[in-house]
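> Here's my sequence, what's the structure:
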Amino acid sequence: DQNDNNIIDPGEGGLISFTIKNVGKYPAINVAVYPKDLSGVPGLELPEKQEIGNLAPGESKLVEVGLFAEESLQKGTANFIFEIHENGEYENISVVYALDTSQ
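Sure thing, here's the model as predicted:
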């Protein structure tokens, strides 16, 4: 949110960040985050995938997912889910996030 109004505006970029941690006893291999827009607000662009890499037991990494609002952005609330995958398999672990949008 470039103007710090806690709303994504048309033409504006933003960054959603969160930390993931391997709480298991074994390394997490080829971890990736798949962002999905559950609400389908027209005009929002998200990357298809964010590569994280390997996580040793107890290791944490900051995940930063960029998004961009096209000039055609519609007003509403964008609901996102960030699915965590290991070695190409969904691990049934997700991060949920909501963001207001404006016209």
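> residues near the nearest residue to Asp9 once chain neighbours are set aside, how many?
Leaving aside its sequence neighbours, Asp9 sits nearest to Ser102 (Cβ to Cβ, 6 or more residues apart in numbering; 5.2 Å). The way it works is simple: take the backbone N, C-alpha and C, and place the C-beta from them, glycine included. By the measure other Cβ atoms under 10 Å, the count of residues near Ser102 is 14.
> how about the helices in this structure?
If DSSP state H is used as the criterion, the chain turns out to lack helices entirely.
> any idea of the mean pLDDT in the lengthiest strand in the chain?
Looking across the chain with DSSP state E, the single longest strand is strand 89-101. Per-region confidence: strand 89-101 scores 84 on mean pLDDT.
> which of the residues in it are buried?
Val95, Leu99, Thr101 (16 or more other Cβ atoms under 10 Å).
> quick check, nearest of those residues to Glu12?
Each of the buried residues of strand 89-101 was checked against Glu12 using Cβ to Cβ; the closest is Thr101, at 9.6 Å.
> Can you show me the strands along this protein?
7-8, 13-21, 28-37, 44-45, 50-55, 60-69, 76-86, 89-101.
> list the helices and strands the fourth one packs on?
I take that to be strand 44-45. Based on contacts counted as 3 or more Cβ pairs under 8 Å, 6 or more residues apart in numbering; DSSP states H and E, the elements that strand 44-45 packs against are strand 60-69.
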